[in-house]
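# pasted the sequence and its predicted model underneath.
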Amino acid sequence: MISNILSLQSLTHIFSIISSIILSLLGITGIIVFHEFGHFIFCKFFGVYTPTFSVGMGKKLYRKMIGQTEFCISAAPLGGYVEIANETSNGQKGFNSINYLQKFLIILGGIGFNMLFAYIVFSALFYVGMPDSAFMPYENTYPIVQTISPASINHGILESDDIIIAINNQAVQNQSEVIKHEINSCIADDKTDVNVVIERDNQQHSITLQLNPDKKPLLLEDRLELCFTRKAPLNLMQSISNGITLTNFYIITIFSSLKNLVNTKNTQGLAGPIMTLTSSTKIAQKGIKSLLIFLAIISINLGIMNLLPLPIFDGGQFVLFTIETLMKREMSDSIKEMIGMFSWVLILGLMIVFSIKDVYTLIYQYLL
């Protein structure tokens, strides 16, 4: 009987991991497809022919003609692409036949849609309730209890949707550090409990919660064996404002990190494709809201990465057609192919290096 229960628990755990991996792959694919959709929208706006728009890569499993574009679902859920015709075809313009500004806007469209994805996700989450997350640089409302571990000694004392008003006589609204400070003070004083004021059914109650001494001291959720959500009481305009502010915060932060990377030449904080998928899988297990936050940040990173002046990125395409505009003639196909091949070798080499680094990191985390 016990072995059957353990087997069922193992199967449930495996199913949860597989589901999270699939959800993560679909999420990352969605970001890339949304990026390509940005290019597609501007192509249509300027009348540029787009023969194919694919969700996924590889063999086409499903295809449908809409207008003059074949929309496809392909076998590998590893991104997507939009095919843009260079020359005039089917009565529509080619990329080479439009002016410089139109080319620039088509290229910028993908990057812009990456940022738009983050703006939409963050704004929507502020509107429906921003979850507690390590990715959030600040808090917006009182912590609200989402779940309590059934094994916790606080189970039955706290309930879902309880609002934490104060801890050890310190108000906690917009002060996430106060909670950590009070918890750490209790640990330093060898205390085993904290006094908490909660709001339940519009009434405030003072309760005492026990701390778990075996959990990590810096995480309130672990010490109290519960997790929080953030149900921000923000209206639509406030949500949009907060979403824009948070997206801009991450844009500035990522650019600042890249600057530090160039100055210090320290790649310790960089992750390859394996760690990105591993991280997104772990986060997906925490819920769709947490995964959306992570995907929004990945989308911003993807947009900024596409500014790199390599031909396989949007920034490189911008450099190439800028050079052609200044030269007043197109580069030869052989030169473009040589530059493109060099770029692919460079990027694939970096991906291999970072993938090896990811494997060593995972081995260190789980086996050593």
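Looks like it came in fine.
# give me the pLDDT for residue 109.
For residue 109, the pLDDT comes out at 94.
# any idea how far it is from residue 118?
Between residue 109 and residue 118 the distance, using C-beta to C-beta, to the nearest Å, works out to 15 Å. Any C-beta I mention is one placed from the backbone N, CA and C, and that applies to glycine too.
# for the helix or strand containing residue 297, packing partners?
Using DSSP states H and E, residue 297 maps to helix 288-305. Applying 3 or more C-beta pairs under 8 Å, 6 or more residues apart in numbering; DSSP states H and E, one finds that helix 288-305 makes contact with helix 2-45, helix 100-128, helix 236-264, helix 273-284.
# would you map the strands across the stretch 101-250 of the chain?
Applying DSSP state E, counting those that start in this stretch to the stretch 101-250 of the chain gives strands spanning 144-148, 163-167, 170-171, 193-200, 203-210, 226-229.
# contacting residues for the residue nearest to residue 318 when sequence neighbours are not counted?
Nearest residue to residue 318, sequence neighbours excluded (C-beta to C-beta, 6 or more residues apart in numbering): residue 107, at 5.2 Å. Counting by C-beta atoms under 8 Å, 6 or more residues apart in numbering, residue 107 touches 39, 314, 317-318, 321.
# tabulate the strands of the stretch 101-250 of the chain in TSV, adding columns for distance to residue 35, mean neighbour count and mean pLDDT.
Listed next are the strands of the stretch 101-250 of the chain as TSV, based on distance: least, C-beta to C-beta, whole Å; neighbours: other C-beta atoms under 10 Å; pLDDT from 0 to 100:
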stretch	distance to residue 35	mean neighbour count	mean pLDDT
strand 144-148	32	19	62
strand 163-167	39	20	78
strand 170-171	42	12	74
strand 193-200	42	18	82
strand 203-210	45	13	84
strand 226-229	29	21	53
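# any chance of those in a markdown table, plus distance to residue 292?
Formatted as a markdown table, the strands of the stretch 101-250 of the chain follow (distance: least, C-beta to C-beta, whole Å):
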| stretch | distance to residue 292 |
| --- | --- |
| strand 144-148 | 16 |
| strand 163-167 | 23 |
| strand 170-171 | 29 |
| strand 193-200 | 27 |
| strand 203-210 | 30 |
| strand 226-229 | 13 |
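# residue 246: which of these is closest?
Checking these against residue 246 by C-beta to C-beta gives strand 226-229 as the closest, at 16.8 Å.
# tell me the pLDDT at the closest residue to residue 244 other than its chain neighbours?
Leaving aside its chain neighbours, residue 244 sits nearest to residue 119 (6.0 Å; criterion: C-beta to C-beta, 6+ apart). Here the pLDDT value assigned to residue 119 is 95.
# pretty sure residue 119 is touching residue 245, no?
No. Residue 119 is beyond contact range of residue 245, at 10.1 Å (criterion: C-beta atoms under 8 Å).
# OK, contacts around residue 306?
By C-beta under 8 Å, 6+ apart, the contact set of residue 306 is 35, 110-111, 114, 313-315.
# state the distance from it to residue 198.
Per C-beta to C-beta, residue 306 is found 46 Å from residue 198.
# contacting residues for the residue nearest to residue 244?
Contacts of residue 119 by C-beta under 8 Å, 6+ apart are 243-244, 247.
# backbone dihedrals for residue 81, both of them.
phi -160, psi 160 (degrees, to the nearest 10).
# tell me the contacts of it?
Residue 81 is in contact with 36, 52-54, 57, counting by C-beta under 8 Å, 6+ apart.
# which one of those is nearest to residue 44?
Distance to residue 44, by C-beta to C-beta, is smallest for residue 53 among the contacts of residue 81, at 10.3 Å.
# can you get me a residue count around that closest one?
When counting by other C-beta atoms under 10 Å, one arrives at 20 neighbours for residue 53.
# outside of the helix or strand hosting it, which residues touch it?
Element membership for residue 53, per DSSP H and E: strand 52-66. Strand 52-66 has contacts (C-beta under 8 Å, 6+ apart) with 29, 33, 36-37, 40, 69-83.
# let's go with 7 Å and repeat that
By C-beta atoms under 7 Å, 6 or more residues apart in numbering, the residues outside strand 52-66 that reach it are 29, 33, 40, 69-83.
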